[in-house]
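Student: generate a structure from the sequence data that follows.
(chains A and B)
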There are 2 protein chains.
Amino acid sequence: MRGAVLHGPRDVRFEERDAPKIIEPTDAVIRLSATCICGSDLWPYRGINPTKEPMPMGHEYCGIVEEIGREVTSIKPGQFVIGSFFASDNTCPHCKAGYQTSCQHRQLVGGAQAPSLRVPLADGTLVATREVPSADLIPSMLAASDVLGTGWFAAEAANVKSGANVVVVGDGAVGLLAVLSSKQMGAERIIAMSRHEPRQKLAREFGATDIVTERGEAGVARIKELTRGVGADSVLECVGTSESMQQAISVTRPGGYLGYVGVPHGVQLDGQDLFFRHVHLHGGPAPVRRFLPKLIELISTRKIDPGKVFDLTLPLEKVAEGYRAMDERRAIKTLLRP
Amino acid sequence: MRGAVLHGPRDVRFEERDAPKIIEPTDAVIRLSATCICGSDLWPYRGINPTKEPMPMGHEYCGIVEEIGREVTSIKPGQFVIGSFFASDNTCPHCKAGYQTSCQHRQLVGGAQAPSLRVPLADGTLVATREVPSADLIPSMLAASDVLGTGWFAAEAANVKSGANVVVVGDGAVGLLAVLSSKQMGAERIIAMSRHEPRQKLAREFGATDIVTERGEAGVARIKELTRGVGADSVLECVGTSESMQQAISVTRPGGYLGYVGVPHGVQLDGQDLFFRHVHLHGGPAPVRRFLPKLIELISTRKIDPGKVFDLTLPLEKVAEGYRAMDERRAIKTLLRP
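Tutor: Okay, here's the model as predicted:
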């Protein structure tokens, strides 16, 4: 089997790897219907997270169950399933509290940019659809695996309610789907911060009511203006840099909610500043598993179309080109067909 | 009129000051029934917050209205009132959202360690009791002005619910009243972190079910043990140092809530650490005004007795001794009688 392996900065190779197989009795092996490249894959791709040894890439996946371990009871071969980047048992206290990405037995799922994938803790991790979805729904189902679930969590963490004023910081796939999620949760005004025309367009399709192109102090001033000097009720931070986090904190109203899902890189928060701003802060690796049943339902009934974030589709063997396109911001998100 | 003025580290003088009078038409002047020394007064007293010029001290107060400005309509002379450390209009968007300490027109109230006090924005700031309370209720009414309201906000910010496991970090007056507040909100288990015997005793009287004397890693280990490895649902941080904040973060369960009300001094939070811990974080200067009607009701009907935190009562002119007693931890909190 051939799959994507990162060897160093900007060095992704499509090369021979061992085919996955059942190792633990709680495993499943699935044949992927589609996989993709994540914005967070760009951190190691760009060398910001160093690669110590060749690393099989990819953690977004959906597909058909091929084989299950002897202890797996909730899914069976032939079913179409979606999972997420952390495998979880879905029974421990953290899972029961809805934080499956903090599962006491969590395991990172990796190597999904390949034709097939081993998923540990299959019963707790995978959610089967009622039937095998039609081909046109596959991109949206794949989006549910990570970027949609993450955007949804951003909106949940930021307490988006009916009638809320929302700001979304970040116009990557997660940011765009955070717009979609906010819309689903009833936000009245959704301000997307973006300076990139095709992304602005998609943000509007997903429900953004306003686009702010300014950043830094000018961006804060513009949002204060749009919110009559008050700030936003809910701010969704979908980047993970110091600048984006500061932007997000600065536009949240006192008593407002900031949901952050961009993996923080070098972000230090000043305790006293946060204190006097009265911000509610919550975030982390999105517990996508919590949201999967709901998201699958919304997609199956065609109420949402998150698959639109894939603006480039390539055969899996062109994975390196997919990384280049995202790195150079020529593509929002690349779908790969095995 | 004579009142307390801080001239430099550990130099509090009881000296002549101008008597307060109505300046703005929205002011009130009240004659204090009691006042006190706050844990936060110790920051400048110890020189950690430098004193640039002689500073009238005190921001906790209750008493009888003597005079009101011509625009004040909601209180009248002769009434017993309680206010808090920030004056607020109680009508701006931040006030309406329940964050009166972020009022768009907020003003710090200062100089309350004196026989009388000018309170700006009296209509928005002061809450009158139905009748002048009996003398034995005065300490509890005074506690509502700051430390009780702050402990209550810690519990609110930490989302204390019926049946919750709670940890309180800090055994000062605020921490002790955070215990009382958690009990009122229905917490099942309340773990107070304290190594000071008289404070442990009061914590138990207020509802603590467990006392943890360990700190740092040993403290974290002990609390993990008490919560079956999971961590606490709600953690109330009532100190404001890096150590106490780290302690609080480390014992919160994934998806749990951390309410922090100790004014942060030199606290830097690591974004990535917070992210992977899945903590909900909220705090700030307590919007005591939001809680005053409820707290006054609980005190008037003798359901709670927060005045117990005053373990030293002195005549106002002995204010310097009150500071010394608190600085040396001989007293939890000093009540001053004008």
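Student: walk me through the domains of chain A.
Tutor: A:2-146+A:287-337, A:151-283 (automatic domain parsing).
Student: which parts of the stretch 151-300 of chain A sit against chain B?
Tutor: Contact residues (C-beta under 8 Å from any C-beta of the partner chain) of the stretch 151-300 of chain A with chain B: A:228-230, A:245, A:253-255, A:260, A:263-272, A:274-285. All C-beta atoms are positioned from the backbone trio N, CA, C, and that covers glycine.
Student: residue in the stretch 1-150 of chain A with the shortest distance to chain B?
Tutor: residue A:102 (3.4 Å; C-beta to the nearest C-beta).
Student: so what's that residue up against?
Tutor: Applying C-beta atoms under 8 Å, 6 or more residues apart in numbering or on different chains to residue A:102 gives the contacts A:94, A:284, A:285, A:287, B:254, B:255, B:276, B:277, B:278.
Student: and residue A:194, what does it touch?
Tutor: A:171, A:175, A:200, A:203, A:211, A:212, A:213.
Student: next one: phi and psi at it?
Tutor: Per-residue torsions, residue A:194: phi -160, psi 140 (degrees, to the nearest 10).
Student: on the three-state scheme, the closest residue to the residue of the stretch 1-150 of chain A closest to chain B other than its chain neighbours is what?
Tutor: Leaving aside its sequence neighbours, residue A:102 sits nearest to residue B:254 (C-beta to C-beta, 6 or more residues apart in numbering or on different chains; 3.4 Å). Three-state call for residue B:254 (DSSP: H, G, I helix; E, B strand; the rest coil): strand.
Student: ok, now how distant is residue B:254 from residue A:106?
Tutor: Per C-beta to C-beta, to the nearest Å, residue B:254 is found 10 Å from residue A:106.
Student: just the pLDDT for the spatially most central residue of chain A.
Tutor: Closest residue to the average C-alpha location of chain A: residue A:147 at 2.3 Å, with C-alpha atoms, centre = their mean. Per-residue pLDDT puts residue A:147 at 97.
Student: my guess is it contacts residue A:333, does it?
Tutor: Yes: counting by C-beta atoms under 8 Å, residue A:333 is a contact partner of residue A:147 at 7.0 Å.
Student: return every residue with contacts to both of those two.
Tutor: Joint contacts of residue A:147 and residue A:333 (C-beta under 8 Å, 6+ apart) are A:38, A:39, A:173, A:309.
Student: okay, who's weakest in the residues you listed by pLDDT?
Tutor: Minimum pLDDT across those is recorded for residue A:39, with 90.
Student: tally of neighbours for that one?
Tutor: Counted with other C-beta atoms under 10 Å in any protein chain shown, residues neighbouring residue A:39 total 22.
Student: what about the residue nearest to it when sequence neighbours are not counted, how many neighbours?
Tutor: Nearest residue to residue A:39, sequence neighbours excluded (C-beta to C-beta, 6+ apart): residue A:172, at 4.7 Å. The tally of other residues near residue A:172 (other C-beta under 10 Å) stands at 25.
Student: do residue A:251 as well
Tutor: For residue A:251, using other C-beta under 10 Å, the count is 26.
Student: measure it to residue B:332 for me?
Tutor: 40 Å.
Student: need the contact partners of the lowest-mean-pLDDT helix or strand in chain A.
Tutor: Using mean pLDDT, DSSP states H and E, helix A:42-45 stands out as the lowest-scoring helix or strand of chain A, at a mean of 93. Contacts to helix A:42-45, defined as C-beta under 8 Å, 6+ apart, come from residues A:6, A:9-10, A:12, A:49-51, A:55, A:263, A:265, A:323, A:326-327.
Student: buried only: go through the residues you listed for me.
Tutor: A:6, A:12, A:51, A:55, A:263, A:323, A:326 (16 or more other C-beta atoms under 10 Å in any protein chain shown).
Student: surely residue A:97 and residue B:252 touch.
Tutor: No: applying C-beta under 8 Å as the test, residue A:97 and residue B:252 come out as separate, 11.8 Å apart.
Student: verify the assumption that residue A:211 is located in a helix.
Tutor: No: according to three-state DSSP, the state of residue A:211 is strand, so it is not within a helix.
Student: wait, doesn't residue A:312 sit right on residue A:336?
Tutor: No: between residue A:312 and residue A:336 there is no contact under C-beta under 8 Å: 9.6 Å.
Student: break down the stretch 101-250 of chain A into its strands, ranges please.
Tutor: For the stretch 101-250 of chain A, strands defined by DSSP state E, counting those that start in this stretch occupy the ranges A:107-108, A:116-119, A:127-128, A:165-169, A:189-193, A:210-212, A:232-237.
Student: packing partners of the third one?
Tutor: Spelled out, it's strand A:127-128. The contact analysis (3 or more C-beta pairs under 8 Å, 6 or more residues apart in numbering or on different chains; DSSP states H and E) places strand A:127-128 against strand A:80-82, helix A:288-300.
Student: returning to that earlier point: OK, contacts around the residue nearest to residue A:39?
Tutor: A:39, A:238, A:239, A:332, A:333.
Student: quick one: which of those is nearest to chain B?
Tutor: residue A:239 (11.5 Å).
Student: tally up the residues packed near that closest one, please.
Tutor: Look at residue A:239: counted by other C-beta under 10 Å, it has 25 neighbours.
Student: mind listing what it touches?
Tutor: A:169, A:170, A:172, A:175, A:245, A:262.
Student: give me the pLDDT for residue A:222.
Tutor: 97.
Student: and what of residue A:48?
Tutor: On the pLDDT scale, residue A:48 gets 85.
Student: and residue A:13, by the same measure?
Tutor: Listed pLDDT for residue A:13 reads 97.
Student: please apply the same query to the one 5 residues further on.
Tutor: What the model reports as pLDDT for residue A:18 is 94.
Student: returning to what we had before: now the shared contacts of residue A:147 and residue A:333 in CSV, with secondary structure?
Tutor: Output for the shared contacts of residue A:147 and residue A:333, formatted as CSV (three-state DSSP):
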residue, secondary structure
A:38, coil
A:39, helix
A:173, helix
A:309, helix
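Student: neighbour-wise, which one of the residues you listed leads?
Tutor: Among these, the one with the most neighbours (other C-beta under 10 Å) is residue A:173, at 31 neighbours.
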